[in-house]
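Provide a 3D model corresponding to the input given below.
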Amino acid sequence: MSTTAESMKTPTYGNWRRPRKAGLGSLGLVGTVGLFGALVLVLISSMVSLNAALVVGLPFAVMLGPLAIRTADGRNVYDMAAVRIGWLRRKSKGQHLYASGPLSTRPGGRFRPPGLLSRVTMMEGRDPYDRPFGVLYHRNRNQYTIVLSCEPDGGSLVDPDQVDTWVALWGEWLSRLSHEPGLRGASVVIETAPDPGTRLATEVLARISPDAPPAARAVMEEVVLTYPDASSEMNTFLTLTYSAPGGARRDHDTMLADLALRLPGVLGGLVAAGGGSAEPLSAERIAEVVRVAYDPDVAAEVLDVRAQHGGTGLEWADAGPAATVETVTHYQHDSGVSRSWLLTLAPRGTVRSGVLRSLLDPALGIRRKRVALVYRPIDPATSAKIVESDRRSAQFMANSTRGLVRARAISEIEAAEQTAAEEASGAGLVEFSMLVTLTVDSVADVRDADVTMRNLLGATRIAMRPADRMQAAAFSCALPVGILPWEQTMVPHELKEAL
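Prediction:
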């Protein structure tokens, strides 16, 4: 039996593109409008005198110049200055420090989560199968988040055709998000950590017969003791954040009933896309995930209590840390120190299905690692406008450039045409980004985390930058709690895109 090279070809994926901003060069729409307005005023002033034109034009040049200077990931001088000013402002007010508990000044004396999670409350409902599911209510945004847990099948010993099918169904599941009423965003969080061995010990030691031979007992006890050193645990969470339809405030019971009816359809799509066993997380389980993220030392204790008693009884009001300290480069919280990175550039060209494998695998010396993929679905009407705008921009760039730059512009045209064809056939358009958080034991290990991160990114062709001066916010956004980064900015998302 012979196999041709074509049948052995591994499918590749890609064609993601960064939306082109309207405007001239790197100025953006606001900068372009300001430039033309400034030119008109300068021309009018030049009719009076040259000095008047200089007086009018100089302030515009000072204001528009920072908009034209951008980093590789598209940030201008104003963006970088806003981050630094915000950090200095928080530090001067002492907001980079947090303490909770009975001995703190916090009302209630409980361990509430800090920062972006301080205004989040927890509710719980029942799905059509009478399973409890927790709902995080973001009071400042009037949004509701449900958290799902799944156990993906994995890609080992799986035929390429099956992987291709899973990828296609996952893409279909993402495209359906744009048709979900009131959906503001979604995220997938993959968390890896060394296996504490609690579950293995609970399963094995409790089943050893009292009459077992000493040699057999010794072997089983040695397996329980040594196996966790070479193993790890991996948890996969999905969050869906909704707002009330029409933007109106609705009572919580109505929203819980609405979300309960949507769960079966969402879970069914996940199973078909290779998500394996999927179920909603209860309010208690969500609180446990957040509690362990802030204090990794309690992970084994949480698993042990859950195995012995069926639950921990932990509430959301006690899921936070006792104390945190945010610095420019890292975030200290209870028994861990975390450092987060933000996506700046996705891999160019095509990639294979295992492009993130090295990033998702457990890393030596890392207490906990979270990789969060954040998705912002775009409604079909807006998708058509974006696709058409990208086509016009790509054609303009191809007609106005030469040489190697023109070759890249022609490639942009092909990608834009393919995107337009897929969108016309019913595919959805989704904006995505990624955050990665590494948690280590002490501040001295943060430098090792930097080295580990560079090694992990080497095989992925992904460009990421540290979330300096935003470590606490990035840590919260990487948790499976439904924090959407674009919803947390003071500048509206539409205006920021125009800049």
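
can you give me the helices in the stretch 1-150 of the chain?
Listed in chain order, the helices found in the stretch 1-150 of the chain under DSSP state H, counting those that start in this stretch are 28-46, 50-68, 77-92.

can you pull the buried residues of the first one?
Right, the one you point to is helix 28-46. Under the neighbour-count criterion of 16 or more other C-beta atoms under 10 Å, helix 28-46 has 28, 30-32, 34-35, 38, 42, 45 buried. Placement of C-beta: from N, CA and C, glycine included.

My guess is residue 11 contacts residue 160. True?
Yes: Residue 11 lies in contact with residue 160 (C-beta atoms under 8 Å); the separation is 6.1 Å.

Closest one of the buried residues of helix 28-46 to residue 187?
residue 28 (27.2 Å; C-beta to C-beta).

Wait, that closest one touches residue 66, no?
No: using C-beta under 8 Å, residue 28 is not in contact with residue 66, being 11.3 Å away.

Now the common contact residues for these two.
Counting by C-beta atoms under 8 Å, 6 or more residues apart in numbering, the contacts common to residue 28 and residue 66 are residue 76.

With distance to residue 354 and mean pLDDT as new columns, can the helices of the stretch 1-150 of the chain be given to me in JSON lines?
What follows is these, written out as JSON lines (distance: least, C-beta to C-beta, whole Å; pLDDT from 0 to 100):
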{"stretch": "helix 28-46", "distance to residue 354": "36", "mean pLDDT": "81"}
{"stretch": "helix 50-68", "distance to residue 354": "39", "mean pLDDT": "82"}
{"stretch": "helix 77-92", "distance to residue 354": "34", "mean pLDDT": "90"}
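
Now distance to residue 476 too, for the ones you listed, in a markdown table please.
Compiled in a markdown table, these are given as follows (distance: least, C-beta to C-beta, whole Å):
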| stretch | distance to residue 476 |
| --- | --- |
| helix 28-46 | 28 |
| helix 50-68 | 29 |
| helix 77-92 | 14 |
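
wait, which of those helices is closest to residue 414?
Among these, the nearest to residue 414 by C-beta to C-beta is helix 28-46 (25.6 Å).

Which other helices and strands does that closest one contact?
helix 50-68, helix 493-498 (3 or more C-beta pairs under 8 Å, 6 or more residues apart in numbering; DSSP states H and E).

Centre of the chain to it, how far?
The chain centroid and the centroid of helix 28-46 are separated by 38 Å under C-alpha atoms, centre = their mean, to the nearest Å.

between it and helix 50-68, how many degrees?
Relative orientation of helix 28-46 and helix 50-68, computed by axes from the mean of the first three to the mean of the last three C-alpha atoms, to 10 degrees: 170 degrees.

Send me helix 28-46 as PDB with only the CA atoms.
Extracted in PDB, the C-alpha atoms of helix 28-46 (Å, rounded to 0.1, in the frame of the first residue of the first chain):
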ATOM      1  CA  GLY A  28      -5.000  57.500  11.600                       C
ATOM      2  CA  LEU A  29      -8.400  59.000  10.800                       C
ATOM      3  CA  VAL A  30      -8.300  61.700  13.500                       C
ATOM      4  CA  GLY A  31      -4.700  62.600  12.600                       C
ATOM      5  CA  THR A  32      -5.600  62.900   8.900                       C
ATOM      6  CA  VAL A  33      -8.600  65.100   9.600                       C
ATOM      7  CA  GLY A  34      -6.400  67.200  11.900                       C
ATOM      8  CA  LEU A  35      -3.700  67.400   9.200                       C
ATOM      9  CA  PHE A  36      -6.000  68.700   6.500                       C
ATOM     10  CA  GLY A  37      -7.600  71.100   8.900                       C
ATOM     11  CA  ALA A  38      -4.200  72.400   9.900                       C
ATOM     12  CA  LEU A  39      -3.200  72.800   6.200                       C
ATOM     13  CA  VAL A  40      -6.300  74.900   5.500                       C
ATOM     14  CA  LEU A  41      -5.600  77.200   8.500                       C
ATOM     15  CA  VAL A  42      -1.900  77.500   7.600                       C
ATOM     16  CA  LEU A  43      -2.800  78.400   4.000                       C
ATOM     17  CA  ILE A  44      -5.300  81.000   5.100                       C
ATOM     18  CA  SER A  45      -2.700  82.400   7.600                       C
ATOM     19  CA  SER A  46       0.000  82.600   5.000                       C
END
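
Go through the helices and strands packed on helix 28-46 and name the closest to residue 132.
That would be, of the helices and strands packed on helix 28-46 and by C-beta to C-beta, helix 493-498, which comes in at 33.6 Å.

Low-confidence ranges, the chain, go.
1-9, 19-25, 155, 196-203, 227-231, 245-249, 396-409, 491-499 (pLDDT under 70).

how about the strands of it, start to end?
With strands called from DSSP state E, the chain shows them at 97-99, 120-126, 132-138, 143-151, 183-194, 232-243, 277-280, 323-326, 331-333, 336-345, 368-378, 429-440, 463-466.

Tabulate these (JSON lines), appending distance to residue 225 and mean neighbour count.
Formatted as JSON lines, these follow (distance: least, C-beta to C-beta, whole Å; neighbours: other C-beta atoms under 10 Å):
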{"stretch": "strand 97-99", "distance to residue 225": "38", "mean neighbour count": "17"}
{"stretch": "strand 120-126", "distance to residue 225": "37", "mean neighbour count": "17"}
{"stretch": "strand 132-138", "distance to residue 225": "35", "mean neighbour count": "21"}
{"stretch": "strand 143-151", "distance to residue 225": "26", "mean neighbour count": "22"}
{"stretch": "strand 183-194", "distance to residue 225": "14", "mean neighbour count": "22"}
{"stretch": "strand 232-243", "distance to residue 225": "17", "mean neighbour count": "20"}
{"stretch": "strand 277-280", "distance to residue 225": "29", "mean neighbour count": "18"}
{"stretch": "strand 323-326", "distance to residue 225": "33", "mean neighbour count": "20"}
{"stretch": "strand 331-333", "distance to residue 225": "30", "mean neighbour count": "23"}
{"stretch": "strand 336-345", "distance to residue 225": "25", "mean neighbour count": "22"}
{"stretch": "strand 368-378", "distance to residue 225": "22", "mean neighbour count": "21"}
{"stretch": "strand 429-440", "distance to residue 225": "25", "mean neighbour count": "21"}
{"stretch": "strand 463-466", "distance to residue 225": "38", "mean neighbour count": "17"}
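
As TSV, these with distance to residue 480 would be great.
Converted to TSV, the strands of the chain look like this (distance: least, C-beta to C-beta, whole Å):
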stretch	distance to residue 480
strand 97-99	21
strand 120-126	13
strand 132-138	10
strand 143-151	5
strand 183-194	4
strand 232-243	4
strand 277-280	12
strand 323-326	19
strand 331-333	16
strand 336-345	15
strand 368-378	8
strand 429-440	12
strand 463-466	20
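
of all those, which lies closest to residue 176?
Among the strands of the chain, strand 368-378 sits nearest to residue 176 (C-beta to C-beta), with 8.7 Å.

What separation do you get for residue 473 and residue 141?
Per C-beta to C-beta, to the nearest Å, residue 473 is found 15 Å from residue 141.

Next: residue 363.
Distance from residue 363 to residue 141, by C-beta to C-beta: 34 Å.
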